[in-house]
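Enquirer: Show me the folded form of this:
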Amino acid sequence: MIRQVALAGGFLAIALVASSAWPVVEGALAHDHGVMGQTWGIVEPDLLDTIDRRLKTMQADGSIERMQAALRVKAQERVRNPLPVAGIGAVREARSWTFDPSIVLDQDVRDQKGRLVAQAGQRVNPLSFVAMKTDLVFIDGRDDAQVEWAMKRWSAQNAKIIFVAGSPFDRMGEKKRRFFFDQQGKLTSHFGIAHVPAVVAPQGEVLRISEIEMPGAGA
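Expert: Numbering: from 1, shown residues only. The predicted structure follows:
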């Protein structure tokens, strides 16, 4: 018991020495070293003022007008010569499959008189309501053989010829026929088409999709 009291007294003494010594150590380390080198006030230019001055300079020297003209030319060039659809190659082996175009409605559909035609969550096949009157023919517009093949097999009335590469505008001027382009590959991706020529044709309430091997393509 006496030993425990002695130990407790020793810990208390150490705590008192530590607490009394701390201010002494802190005071010993805290010194005023004065000003170390020259100082300046923080001066930061206003960002909006900087941008405004830059724009006024560009407007004065014609830079903005030149940039706008360059953007117009670039946009026109991209429209006339769209980027090829990525991942589409030429057919090396024919294949065919059916595609169900049915969709699940995310909201009610009503006619002009407000009568419910189909309700949200219902699965609907568009071919049950609207007939698909033309085939969709996907080709590489840079390939003369594919262009000629598509034009001979389908008239403008029974098919839409859709490019996955090449300029439809240049071909329209050359062939005197309207062509289309699969922007960003949305149609080929939707139908699962990976090779051209490919044809999407109605077959009852489904679509028949065929990737067709061109004569001599495997040679």
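Enquirer: contacts, neighbours, all on C-alpha from now
Expert: Fine.
Enquirer: and residue 195, what are its bridge partners?
Expert: residue 89 (DSSP bridges).
Enquirer: Which residues are in contact with it?
Expert: Residue 195 makes contact with 88, 89, 90, 91, 211, according to CA atoms under 8 Å, 6 or more residues apart in numbering.
Enquirer: What is the least confident helix or strand in this structure?
Expert: Averaged element by element with mean pLDDT, DSSP states H and E, the chain has its least confident helix or strand at helix 2-29 (a mean of 43).
Enquirer: Tell me the helix or strand right after that one.
Expert: helix 47-60 (DSSP states H and E).
Enquirer: Beyond that following helix, next helix or strand please.
Expert: Once the chain leaves helix 47-60, the next helix or strand it forms, by DSSP H and E, is helix 63-80.
Enquirer: Pick out the residue nearest the middle of the protein.
Expert: Central residue check for the chain by CA atoms, centre = their mean: the C-alpha nearest the mean position is that of residue 184, 8.9 Å away.
Enquirer: out of everything not next to it in sequence, what's closest to that residue?
Expert: The shortest distance from residue 184 to any residue that is not its chain neighbour, by CA to CA, 6 or more residues apart in numbering, is 6.2 Å, and that residue is residue 85.
Enquirer: And what about the one you found, helix, strand or coil?
Expert: Local secondary structure at residue 85 is given as coil here, using DSSP: H, G, I helix; E, B strand; the rest coil.
Enquirer: Could you report the neighbour count for it?
Expert: For residue 85, the number of neighbouring residues by other CA atoms under 10 Å comes to 20.
Enquirer: Residue 191 now?
Expert: Using other CA under 10 Å as the criterion, residue 191 is surrounded by 15 other residues.
Enquirer: Contacts only, for it.
Expert: When contacts are counted by CA under 8 Å, 6+ apart, residue 191 touches 99, 209.
Enquirer: That one and residue 59: what is the separation?
Expert: Using CA to CA, to the nearest Å, one obtains 49 Å as the distance from residue 191 to residue 59.
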